[in-house]
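S.K.: Sequence plus the predicted model coming up.
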Amino acid sequence: MGKRVFLMVLDSVGIGAEPDAKEFGDEGTNTLKSCSTSAHFAMPNMQKLGLFNIDGVKDWAETVESPSASIARLQEKSMGKDTTVGHWEIAGYVSERPLPTYPEGFPKEVLDAFSKATGRGVICNKPYSGTVVINEFGDEHVKTGDLIVYTSADSVFQIAAHEEVVPLETLYEYCRIARKILVGEHGVGRVIARPFVGSGNGNYTRTSNRHDFSLECPGTTILDQVKEAGMEVLSVGKIKDIFVGRGITDYVYTTGNEDGINKTLEYMDRDFEGLCFINLVDYDMLYGHRRDVEGYAKALRYFDDRLPEILGKLREDDILMITADHGCDPAYTATTDHTREYIPLVMTGKNVTPVNYGTRNGFGDIGATVLKYLGIESQITGTSLL
């Protein structure tokens with residue numbers, strides 16, 4: 001049986017502001033600590049592994065004397081704090097220049113090209129909360145058929161449309177059109193389809209049919225290398241979208257964290273050699289951006305409750321790596337956007353000797369460790385922990 005690595009990203013579970021957080025407007029943020037203030041917060045299984053012994057976390061949480069996993073705190077090298085650059089850096093590519101953002105909305109030439117190609121007008125064109133924008137502009141969209149285009153502090157071009165006004169496949173095609181337009185100077189990290197339903201008068205809700213159309217990573221990633229080595233790269237959740245399908249041999253989409261955990265468990269029953277890369281998005285999408293401390297805490301507790309099932313399926317030569325891609329502090333009210341934070345790494349398996357690696361410079365150490373364990377010579381940015 002070959003070696004397998006299960007790399008699980010708890011989307012947005014940051015563990016404290018990075019030294020340059022002030023430059024991003026995120027001074028003092030700490031996603032995990034904010035969640036710990038809720039009466040619903042409990043992560044005893046992650047605590048045993050050593051989550052609370054990580055640098056910074058141990059300053060406010062109850063540690064254990066002998067963690068059963070290897071642990072580290074990782075500082076981001078890339079100039080960003082979003083899903084795209086976070087996952088790229090985990091996979092070994094550092095984004096030295098920030099991806100473009102549009103705090104004043106997208107320029108006329110971009111929207112003109114988009115409207116000409118789709119045959120539809122555009123409304124909104126401002127940074128907005130995704131749940132608010134559909135209720136403020138939804139009636140106008142339903143009446144006119146114009147597309148709701150909006151952004152955030154992140155490098156995203158988001159298109160919201162009612163599923164009965166714009167069929168899903170049509171909305172996805174509009175996103176593909178936008179993706180072709182948004183290159184070079186305007187190469188945003190993601191174009192995101194945001195379908196919604198509802199009866200009108202501001203009574204609209206988003207559906208689970210979101211789809212991301214990412215910018216292709218400019219450099220080599222661990223997905224490329226593992227696949228080129230003849231091994232499998234399995235994707236759970238939006239990993240396939242983040243990497244535009246490159247380097248992936250099989251994938252499943254998910255409807256949320258519960259579904260993501262269930263599908264990960266199914267992959268764990270499968271015989272393969274290589275990498276299973278998982279993203280659990282609910283922390284970020286449902287709770288972080290909505291600044292819902294209680295919901296975020298409950299979601300973390302749910303993951304911790306399911307963790308013994310995951311650990312119980314690890315085989316002799318398996319490694320489980322649990323990490324994040326950025327922060328999204330639900331108690332931070334200055335914005336509703338991601339926050340510039342350190343991320344945790346908790347690594348366990350029968351072949352892993354528990355070590356506290358302290359604070360590491362760069363998320364790419366995760367990717368380098370994956371390659372080292374699988375016996376692949378690294379071509380990425382990062383240093384193996386093994």
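M.R.: Arrived safely.
S.K.: List the buried residues of stretch 290-309.
M.R.: Judged by neighbour count (16 or more other CB atoms under 10 Å), stretch 290-309 contains these buried residues: 290-293, 295-301, 303-304, 306-307. The way it works is simple: take the backbone N, C-alpha and C, and place the C-beta from them, glycine included.
S.K.: what about that stretch, distance to the chain center?
M.R.: Taking CA atoms, centre = their mean, to the nearest Å, one finds stretch 290-309 lying 16 Å from the centre of the chain it belongs to.
S.K.: what residues does that stretch touch?
M.R.: Contacts to stretch 290-309, defined as CB atoms under 8 Å, 6 or more residues apart in numbering, come from residues 10, 13, 31-32, 34-38, 40-46, 129, 131, 257-258, 261, 265, 280, 282-283, 286-288, 330-333, 336.
S.K.: on that earlier part again, for I159, state which of the buried residues of stretch 290-309 is nearest.
M.R.: Comparing the buried residues of stretch 290-309 against I159 with CB to CB places R290 closest, at 20.1 Å.
S.K.: now that closest one: how far from S34?
M.R.: Distance, R290 to S34, by CB to CB, to the nearest Å: 13 Å.
S.K.: any common contacting residues for these two?
M.R.: Common neighbours of R290 and S34, using CB under 8 Å, 6+ apart, are P330.
S.K.: Give the rounded mean pLDDT of stretch 203-223.
M.R.: Stretch 203-223 comes out with an average pLDDT of 94.
S.K.: How far does that stretch sit from its chain's centre?
M.R.: Its chain's C-alpha centre and that of stretch 203-223 lie 9 Å apart, by CA atoms, centre = their mean.
S.K.: which parts of it are buried?
M.R.: By 16+ other CB under 10 Å, the buried positions in stretch 203-223 come out as 204, 206, 209-215, 217, 220-223.
S.K.: before we move on, what about stretch 184-203?
M.R.: For stretch 184-203, the neighbour count (16+ other CB under 10 Å) marks H186, V188, G189, R190, V191, I192, A193, R194, P195, F196, G198 as buried.
S.K.: Check which helix or strand K143 maps to.
M.R.: Assessed by DSSP states H and E, K143 sits inside helix 130-144.
S.K.: Past that helix, which element shows up next along the chain?
M.R.: With DSSP H and E, the next secondary element past helix 130-144 is strand 147-151.
S.K.: Tell me which strands that next one pairs with, and in which orientation.
M.R.: strand 122-127 (parallel), strand 156-162 (antiparallel) (DSSP bridges).
S.K.: quick one on the thing from earlier: which two from the buried residues of stretch 203-223 end up farthest apart in space?
M.R.: Greatest spacing in the buried residues of stretch 203-223, by CB to CB: Y204 and T220 (41.9 Å).
S.K.: still on that earlier bit, so which of the buried residues of stretch 203-223 are in strands?
M.R.: Y204, R206, H211, D212, F213, S214 (DSSP state E).
S.K.: if I've got this straight, Y296 is in a helix?
M.R.: Yes - when classified by DSSP: H, G, I helix; E, B strand; the rest coil, Y296 is found to be part of a helix.
S.K.: Which residue, other than its chain neighbours, is closest to it?
M.R.: Y287 (3.7 Å; CB to CB, 6 or more residues apart in numbering).
S.K.: and the gap between the residue nearest to S378 when sequence neighbours are not counted and I71?
M.R.: Excluding the flanking residues, the one nearest S378 by CB to CB, 6+ apart is L371, at 4.6 Å. Noted for L371: a distance of 20 Å to I71, by CB to CB.
S.K.: I123 now?
M.R.: 47 Å.
S.K.: In terms of neighbours, single out the busier of the two.
M.R.: Ranked by neighbour count (other CB atoms under 10 Å), I123 and I71 place I71 first, with 25 against 18.
S.K.: my read: that one touches N53, true?
M.R.: Yes - shown here, I71 and N53 form a contact pair, counting by CB atoms under 8 Å, at 6.0 Å.
S.K.: residues shared between the contacts of these two?
M.R.: Common contacts of I71 and N53, defined by CB under 8 Å, 6+ apart, comprise N356.
S.K.: that older thread, before we move on, what SS does the residue nearest to Y296 have?
M.R.: Going by three-state DSSP: Y287 is helix.
S.K.: Which helix or strand contains F277?
M.R.: According to DSSP H and E, F277 maps onto strand 274-280.
S.K.: That strand pairs with which strands, and in what direction?
M.R.: When pairing is defined by DSSP bridges, strand 274-280 lines up against strand 4-10 (parallel), strand 232-236 (parallel).
S.K.: mean confidence for the first one?
M.R.: Model confidence over strand 4-10, given as mean pLDDT, is 98.
S.K.: Go through it and flag the buried ones.
M.R.: Those would be R4, V5, F6, L7, M8, V9, L10, for strand 4-10 by 16+ other CB under 10 Å.
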